[in-house]
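**Q** Okay, predicted coordinates and the sequence, questions at the end:
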Amino acid sequence: MNLPVKDFSAIDKIALPQGEELVKAILELKKEKNAIILAHYYQTSDIQDIADFLGDSLQLARQARDTDADMIVFCGVHFMAEAAKILNPTKKVVLPDLKAGCSLADGCSGEGLRAMRAKHPGAMIATYINCNAETKAESDIIVTSSNAEVIINSLPKDVPLIFAPDKNLGKYLMKKTGREMILWDGACIVHEAFSMERIAQQMAENPDAKLIAHPESETPVLDLAHFIGSTSALLNYVEKDDCQKFIVATEEGILHEMRKRAPEKELIPALVFDESCNCSECFYMKMNTMEKLYLCMKYEIPEITMDEELRLKALVPIEKMLEMSTSIK
């Protein structure tokens, strides 16, 4: 296939449809190629609006597993597209920007987990889905923020448990389950950016607001929160709770769907340490754009490929997770 450029980094040199024409072109490509567009809540609002399915990590994994589309277009970060490929090897999986990575995933390697297991023989490894395929392959079970508490409570109590790679989520789960765990020293740069002092000031200025937070946030922020939950749980809480004002401590992309579900409620992004910035935004999530989405569908690149032996090893703990999460929406 003759591409107009070597990759999409020189996107400004390519003639592209604009505005409504771009949306129309993406929808036509979707139909032509029997493709499904999966998007995470942290994507830009225009990508969220055009997606066939919008969800958190658990919901997206299920959709990737169950789709009958020929091509999965994953608007998220690299480890999410990898998970889609692990679950659906016969489908072509493409990601609008291959550089859309994850600092948390990058900080935990399969080799590192093997060394940790050797240091704690007999321990089980429960790994947050925010990790690469090699790390998943070294894990006994995968969890998401939606199902982690249920899964941790289901694991044998007499076996030592290693939790990787997010130490903040791990600390939160230890508090919720009462179970001691050996924690990998990793964290999400987005959720660690929140300032407890600035959020406390926001709460003082908005006494009628509730603070809601994702469990990847640091403990001092979680201690202030009225509600702690996964991405989907935060959405459901804003939609159903009687409160009319919320301070939201997670990636700001979620506010788009929150406003759709609860247009009458006031949503305030929780403040971060950087006083020049008013919200916490994932640089990697925002690398995907409508223009890159169009190009990746048109040329069917960048494609996610994987060694079959690695895929099969990584599949085992993901399938265990899905089996143990049937009661979670």
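**A** Thanks, I have the structure now. Just so it is clear, the model here is predicted, and its values are computed rather than measured.
**Q** residues in contact with residue 111?
**A** Residue 111 makes contacts with residue 134, as judged by CB atoms under 8 Å, 6 or more residues apart in numbering. For the C-beta atoms, the positions are set from N, CA and C on the backbone; glycine is no exception.
**Q** Shouldn't it be within a helix?
**A** Yes - using DSSP: H, G, I helix; E, B strand; the rest coil, the assignment for residue 111 is a helix.
**Q** Check the gap between it and residue 135 for me.
**A** 9 Å (CB to CB, to the nearest Å).
**Q** repeat for residue 75
**A** Relative to residue 135, and taking CB to CB, residue 75 is found at 22 Å.
**Q** For the stretch 201-329 of the chain, which segments count as strands?
**A** With DSSP state E, counting those that start in this stretch as the definition, the stretch 201-329 of the chain shows strands at residue ranges 210-213, 227-228, 245-249, 266-269.
**Q** and those as CSV, adding mean neighbour count and distance to residue 124?
**A** Shown next, in CSV, are those (neighbours: other CB atoms under 10 Å; distance: least, CB to CB, whole Å):
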stretch, mean neighbour count, distance to residue 124
strand 210-213, 23, 28
strand 227-228, 18, 24
strand 245-249, 23, 30
strand 266-269, 18, 37
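**Q** Could you dump those into TSV and include distance to residue 158?
**A** Listed next are the strands of the stretch 201-329 of the chain as TSV, based on distance: least, CB to CB, whole Å:
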stretch	distance to residue 158
strand 210-213	32
strand 227-228	28
strand 245-249	36
strand 266-269	43
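**Q** mind giving me JSON lines with those strands and columns for distance to residue 120 and mean pLDDT?
**A** Compiled in JSON lines, the strands of the stretch 201-329 of the chain are given as follows (distance: least, CB to CB, whole Å; pLDDT from 0 to 100):
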{"stretch": "strand 210-213", "distance to residue 120": "30", "mean pLDDT": "98"}
{"stretch": "strand 227-228", "distance to residue 120": "28", "mean pLDDT": "98"}
{"stretch": "strand 245-249", "distance to residue 120": "32", "mean pLDDT": "98"}
{"stretch": "strand 266-269", "distance to residue 120": "39", "mean pLDDT": "97"}
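**Q** quick one, which of those is nearest to residue 182?
**A** Closest of the strands of the stretch 201-329 of the chain to residue 182 is strand 227-228, at 22.3 Å (criterion: CB to CB).
**Q** So what touches that closest one?
**A** Here strand 227-228 has contacts from 172, 210-215, 222, 234, 237, 241, using CB under 8 Å, 6+ apart.
**Q** neighbours around the nearest residue to residue 210 once chain neighbours are set aside, how many?
**A** Among residues not flanking residue 210 along the chain, residue 226 sits closest, at 4.1 Å (CB to CB, 6 or more residues apart in numbering). If you count neighbours by other CB atoms under 10 Å, residue 226 ends up with 15.
**Q** repeat for residue 185
**A** 11.
**Q** Quick check, pLDDT for it.
**A** In this prediction, residue 185 carries a pLDDT score of 97.
**Q** and the residue nearest to it when sequence neighbours are not counted, how far is that from residue 18?
**A** Spatial nearest neighbour of residue 185, chain neighbours left out: residue 167 (5.7 Å); criterion: CB to CB, 6+ apart. Distance of residue 167 to residue 18, given as CB to CB: 44 Å.
**Q** So which of the two has more stuff around it?
**A** Shown here are residue 167 and residue 18; by other CB under 10 Å, residue 167 has more neighbours (18 against 11).
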